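Participant: Got a sequence here, can you model it:
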Amino acid sequence: MNKSVFFGALTVAGVLAGASAAATLDDVKARGKLNCGVTTGLVGFAAPNANGEWEGFDVAVCRAVAAAVFGDPTAVEFIPTTGKTRFTALASGEIDFLARNTTWTFSRDVDLKFDFIGVNYYDGQGFMVPKSLGVSSAKDLDGATVCIQTGTTTELNLADFFRSNNISYEPVPIETNAEGQQQYLAGACDTYTTDASGLASTRATFENPGDHVILPEIISKEPLGPVVRHGDNDWGDVTRWVLYALIAAEELGVTSANVEEMSMNTTNPEVARLLGSEGTLGEMLGLEANWAKNAIASQGNYGEIFAKNIGEETPIGLARGLNAQWTDGGLMYAPPFR
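Facilitator: Sure, this is the predicted structure:
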């Protein structure tokens, strides 16, 4: 969602990235906190709660990194970014880590000089319409007005879909998800398009969610993942393996409830290495031996994070689908910890 692809912005960000990449882990440790870029507000993924505390699926990844580095999941400053500001914020060093429903694309990886450390949510672009519109397929939206965040791959995917189906639309430009929600509910557009997970999150905040339908078509691949600056492999390794630790923990049966016991009593050598009971994986990263244990204890494993923030028992109501473990038919898979 909110995927900026203007190449002028990419070039500027790429130049800045080279100047700010080195020794991020040292800078984060010296500062005493992680500066984490998140969305301006998407319930279930990243949004302040009633007490002003950030929470959500992406927020949990930020907190897991802080727990791994500092042993303290609260050692994070959350910096809201839009689709247009997030890459400049990362490239300039304003943020150390971008955890903000950002799609992994060729140009962002190669031209922008950023590194995607992995995929934490496999998604795709969809459409939401009022049930009263009587539309059951996106192919029935000929002539529709569409709320769309400008300067994004979402915008480009939309143009491709309508052109390939020989139908027309009228764009209603928006800057943020909050603006899109407001315009959509006010009737300024017939449909709102963004990642399907974002549509589910947005719909969950409506007074009458059942009055709105997410259409069946998924018109793109949107592998969403955290991002760091290119050129600082040490920091990339830290953040990448924190994400993989959360994914591996679920597969290995390590949870926030049993992580302490398993760190002391496991007979599984990979679990012992993951949790720092044996081996030197933490030392290799420049972290304490219990880095992964701290991350899992503070946030839970990947499955716990998913279920708590966006799963089927939450108002967001997302099924695991492609985001299930590989052993359950999904795509979530961590390299070996050895």
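Participant: So the residue nearest in space to the middle of the chain: helix, strand or coil?
Facilitator: Closest residue to the average C-alpha location of the chain: residue 101 at 3.5 Å, with CA atoms, centre = their mean. With DSSP: H, G, I helix; E, B strand; the rest coil as the basis, the three-state label of residue 101 is coil.
Participant: and it, how far is that from residue 263?
Facilitator: Residue 101 sits 32 Å away from residue 263, going by CB to CB, to the nearest Å. Bear in mind the C-beta positions are built from the backbone N, C-alpha and C, glycine included.
Participant: Check residue 291 too.
Facilitator: With distances taken as CB to CB, residue 291 is found 12 Å from residue 263.
Participant: neighbour count winner among those two?
Facilitator: residue 291 (28 against 21; other CB atoms under 10 Å).
Participant: Spatially, what comes nearest to that one if we skip its sequence neighbours?
Facilitator: Distances taken as CB to CB, 6 or more residues apart in numbering place residue 68 nearest to residue 291, at 4.2 Å, with adjacent residues excluded.
Participant: Which positions in the longest helix anywhere in the chain come out as buried?
Facilitator: When the chain is parsed with DSSP state H, its longest helix is helix 233-252. Residues 235-252 are the ones in helix 233-252 that count as buried (16 or more other CB atoms under 10 Å).
Participant: and if you look at stretch 145-160?
Facilitator: For stretch 145-160, the neighbour count (16+ other CB under 10 Å) marks 145-155, 157-158 as buried.
Participant: thinking residue 224 is in contact with residue 104, fair?
Facilitator: Yes: with contact defined as CB atoms under 8 Å, residue 224 reaches residue 104; the gap is 7.5 Å.
Participant: list the contacts for residue 293?
Facilitator: By CB atoms under 8 Å, 6 or more residues apart in numbering, the residues touching residue 293 are 259, 260, 263, 274, 275, 276.
Participant: picking up where we left off before, and the residue nearest to the centre of the chain, what is it in contact with?
Facilitator: Residue 101 sits next to 1, 2, 39, 42, 45, 58, 121, 123, 195, 197, 198, 224 when contact means CB under 8 Å, 6+ apart.
Participant: Tally up the residues packed near the last one, please.
Facilitator: As a burial measure, residue 224 scores 25 neighbours (other CB under 10 Å).
Participant: what pLDDT does the residue nearest to residue 266 when sequence neighbours are not counted get?
Facilitator: Closest residue to residue 266 apart from its sequence neighbours, by CB to CB, 6+ apart: residue 272 at 5.5 Å. According to the prediction, residue 272 has pLDDT 97.
Participant: How many residues are close by residue 272?
Facilitator: When neighbours are defined as other CB under 10 Å, residue 272 has 18 of them.
Participant: buried set for whichever helix or strand it is part of?
Facilitator: According to DSSP states H and E, residue 272 maps onto helix 269-274. Going by neighbour count (16+ other CB under 10 Å), the buried part of helix 269-274 is 271, 272, 273, 274.
Participant: No further queries at this time; thank you.
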